[in-house]
Every structure is written in structure tokens, then in C-alpha cells.
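A.B. asks: Requesting a structural model of the entry that follows:
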Amino acid sequence: MFKEIEKLQLQLYYVGTDIAENLGDVSKVMYEHYPNNLENLFYLSESYLLKKDYSKAIQIMLKAKKIAPSNCNILKYLSEDYILNEEIKKAIKYYKLALENCGQKAIENLKKKIGRPT
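C.D. replies: Sure thing, here's the model as predicted:
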């Protein structure tokens with residue numbers, strides 16, 4: 001059952017209309033049943049980003065960080081989310097953590113996203 005719902009989340013992510021709403025609805029239900037599932041937390045966070053609700057996206061990613069504190073994707077997403085939310089000091093904090101915990105390719109990709117030379 002869980003795998004089928006994950007597939008639905010992925011399909012909703014790639015569909016054009018009302019994705020944020022649909023993805024958010026499915027992810028919220030999944031969160032109630034699987035609050036520690038990182039993949040679902042990523043989808044839930046993404047649904048808030050699509051709605052431009054950066055604060056809620058950050059809250060969800062901080063929950064994910066508690067589960068996996070040195071996960072490169074979480075640190076990278078937190079850095080990007082804080083940039084979108086115009087919280088530059090926090091973005092730099094997570095950017096530095098990503099630099100410390102991630103491989104060189106991840107670092108180069110992150111630098112490109114925030115407009116820094118590699």
C-alpha cells in the first residue's frame with residue numbers, strides 16, 4: 001500500500017494542474033501514518049514550496065533533519081529553502097553544513113543554484 005501511495009505522490013508531482021494541492025493532501029495523510037518517512041517529508045516540503053509557503057517547507061525539512069542530521073539532501077534543501085525565504089544567515093549555516101557533509105559534486109551543484117562560481 002505504501003509503495004502505491006509513493007507512486008501516486010510522484011505522479012502528482014509531475015502533473016500540471018493543482019499539483020501543490022494534490023501533492024500536499026496526499027503527503028499530509030501519509031505524514032499522519034508515517035511521520036518519520038524521509039521521502040514523504042521531501043514531498044510534503046515540496047508541496048509547500050510549490051505554494052511558495054517557504055516557512056512551512058523549512059519546518060518540514062527541519063523535522064527531516066532531526067531524523068537524519070547529516071543527510072546531504074536535507075542540508076542542501078534547507079540551504080535553498082532559507083534562500084527562498086530570504087533568511088541568508090541560516091542559508092549560509094546549512095550551506096556550510098552541506099559543504100562539510102556532502103561530496104564534491106553535490107557541493108558544485110549547490111554553488112550553481114545559489115549563483116556562486118565552482
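A.B. asks: For Val26, pull up the helix or strand it's in.
C.D. replies: helix 19-33 (DSSP states H and E).
A.B. asks: Leu41 is in contact with Lys63, correct?
C.D. replies: Yes - counting by CB atoms under 8 Å, Lys63 sits close enough to Leu41 to count as a contact (6.2 Å). (C-beta placed from N, C-alpha, C; glycine too.)
A.B. asks: So between these two, which is more surrounded?
C.D. replies: It is Leu41, of Lys63 and Leu41, that has more neighbours when counted by other CB atoms under 10 Å, with 25 against 17.
A.B. asks: Flag every buried residue along the strand or helix carrying that one.
C.D. replies: Per DSSP H and E: Leu41 is located in helix 38-50. Neighbour-count burial for helix 38-50 flags Asn40, Leu41, Phe42, Tyr43, Leu44, Ser45, Glu46, Ser47, Tyr48, Leu49, Leu50 (criterion: 16 or more other CB atoms under 10 Å).
A.B. asks: and it, what does it pack onto?
C.D. replies: Other helices and strands packing on helix 38-50, by 3 or more CB pairs under 8 Å, 6 or more residues apart in numbering; DSSP states H and E, are helix 2-14, helix 19-33, helix 54-67, helix 72-84.
A.B. asks: Quick check: mean pLDDT of it?
C.D. replies: Across helix 38-50, the average pLDDT comes to 85.
A.B. asks: Below-threshold pLDDT in this structure: ranges please.
C.D. replies: Along the chain, segments meeting pLDDT under 70 span 1-24, 103-107, 109-111, 113-118.
A.B. asks: again, 80 this time
C.D. replies: Along the chain, segments meeting pLDDT under 80 span 1-31, 102-118.
A.B. asks: I'd say Leu41 and Gln59 touch.
C.D. replies: No - Leu41 is beyond contact range of Gln59, at 10.3 Å (criterion: CB under 8 Å).
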